[in-house]
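Novice: Model the following, please.
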Amino acid sequence: MIIMSVDFGDARTGIAVCGKSEMIASPVTVIAEKDFNQCIEKTAALAKEQRAEQIVVGYPMNMNGTVGERAEKCKLFAEELEKLTGCPVKLWDERCTTVSAHNALNVTNTRGKKRKAVVDAVAAVLILESYLGFRRNSGEAT
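Specialist: Sure, this is the predicted structure:
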């Protein structure tokens, strides 16, 4: 199944996708958009372009497992995206993915503007990799 992941942010939204084999998550792009509705529309257009059959949206729960304002905004984003695309959208716990993305970029010595441009796509890849691992281990993958 082609699955697209989204790391939704107020200014930049990272997008990643995997092919039908569900083996490798690859970064696609970062949408630079501050308008909530425009971001949803651009994300929906990418989902159609990528032929996504499912979308996973990062759900930034608090470290203690509670749901905060940011997670609520991501939930609303996911609901609106599902309405717009008609594609099933799943929320996926993304705690620490941005920190992990920064750590991965430290290893490759990616700095400055280049880092800012890719960190959200890397976070989307990490979200998708986590979800794909779950699918493999739970038997949910076909």
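
Novice: can you map out the strands along this structure?
Specialist: Applying DSSP state E to the chain gives strands spanning 3-7, 12-18, 25-32, 54-59, 89-93.

Novice: Format these as JSON lines; extra columns: distance to Thr66 and mean neighbour count.
Specialist: Glycine gets a C-beta too; all of them are placed from N, C-alpha and C. Listed next are the strands of the chain as JSON lines, based on distance: least, CB to CB, whole Å; neighbours: other CB atoms under 10 Å:
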{"stretch": "strand 3-7", "distance to Thr66": "20", "mean neighbour count": "29"}
{"stretch": "strand 12-18", "distance to Thr66": "24", "mean neighbour count": "25"}
{"stretch": "strand 25-32", "distance to Thr66": "28", "mean neighbour count": "18"}
{"stretch": "strand 54-59", "distance to Thr66": "12", "mean neighbour count": "24"}
{"stretch": "strand 89-93", "distance to Thr66": "12", "mean neighbour count": "17"}
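
Novice: Just put those in CSV and tack on mean pLDDT.
Specialist: Shown next, in CSV, are those (pLDDT from 0 to 100):
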stretch, mean pLDDT
strand 3-7, 96
strand 12-18, 95
strand 25-32, 94
strand 54-59, 96
strand 89-93, 93
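
Novice: Can you lay out these as a markdown table showing distance to Leu81?
Specialist: Formatted as a markdown table, the strands of the chain follow (distance: least, CB to CB, whole Å):
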| stretch | distance to Leu81 |
| --- | --- |
| strand 3-7 | 8 |
| strand 12-18 | 11 |
| strand 25-32 | 12 |
| strand 54-59 | 6 |
| strand 89-93 | 5 |
